[in-house]
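Trainee: next come a sequence and a model predicted from it.
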Amino acid sequence: ATNRTFTMIKPDAVQDNHIGGILSMIEAGGFRIVALKKVQLTPERAGQFYEVHKERPFYQDLVKYMSSGPIVAAILEKDNAVADFRTLIGATNPANAEEGTIRKKYAKSIEANAVHGSDSDENAQIEGDFYFPANEQF
Ligand code: CMP
């Protein structure tokens, strides 16, 4: 069964002109782009998106970083989408990311780690719907 995940290209990767490079790796990895847009989060929206992390020590910095410039949000489709996308992006900390992964190539630090990827089917649905109404998902 084909299913979906959700990703964001984070502010530093957008700023550094890596949208095309990252989307190329995503399509080459067998993912179909279901929805796509460039948007800047307010601190309030960024805080809401990352609400699950609100008790973590990095939360305030993360909200500030994720609202510091535009991001690219996308819904992606592939068999086994969530797990396969996490393999394609590599470890959260780029120091631990494998060769050939998006974070190995583009991430700068554990915070400015180039891309987000959903951690479950349930969160993929919630996160995709946070950005895209049903009539923007194809
Ligand atoms: P992401 O996969 O989007 O989920 C939470 C984000 O918090 C993570 O990527 C990083 O950008 C950021 N972050 C900053 N510090 C940490 C940390 N120590 N552990 C996990 N995530 C962190």
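Mentor: Nice, I can see it. Numbers count the residues shown, from 1 in each chain.

Trainee: which bits of the protein sit near the ligand?
Mentor: Taking CB under 6 Å from any ligand atom, the part of the chain that reaches the ligand is made up of His53, Phe58, Leu62, Thr92, Ile110, Glu111, Asn113, His116. Bear in mind the C-beta positions are built from the backbone N, C-alpha and C, glycine included.

Trainee: am I right that the fourth one falls within a strand?
Mentor: Spelled out, that is Thr92. No: counting by DSSP: H, G, I helix; E, B strand; the rest coil, Thr92 falls outside a strand, being coil.

Trainee: now do the phi/psi pair for it.
Mentor: The main-chain torsion angles of Thr92 are listed as degrees, to the nearest 10 and equal phi -50, psi -50.

Trainee: so what's it up against?
Mentor: Shown here is Thr92, whose contacts under the criterion CB atoms under 8 Å, 6 or more residues apart in numbering are Arg103, Ile110, Asn113.

Trainee: counting neighbours, which of those residues end up buried?
Mentor: With neighbours counted by 16 or more other CB atoms under 10 Å, those contain buried members at Arg103, Asn113.

Trainee: now tabulate the contacts of Thr92 in a markdown table and tack on secondary structure and pLDDT.
Mentor: Below are the contacts of Thr92 laid out as a markdown table (DSSP: H, G, I helix; E, B strand; the rest coil; pLDDT from 0 to 100):
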| residue | secondary structure | pLDDT |
| --- | --- | --- |
| Arg103 | helix | 98 |
| Ile110 | coil | 97 |
| Asn113 | coil | 98 |
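
Trainee: what about Phe138, how many neighbours?
Mentor: Neighbour count for Phe138, taken as other CB atoms under 10 Å: 11.

Trainee: what's the answer for Glu44, then?
Mentor: Count around Glu44 with other CB under 10 Å applied: 10.

Trainee: contacts for the helix or strand that contains it?
Mentor: Taking DSSP states H and E as the criterion, Glu44 maps to helix 43-49. Outside of helix 43-49, the residues within contact range by CB under 8 Å, 6+ apart are Leu41, Lys54, Tyr59, Leu62, Val63, Lys64, Met66, Ser67, Glu127, Phe130.
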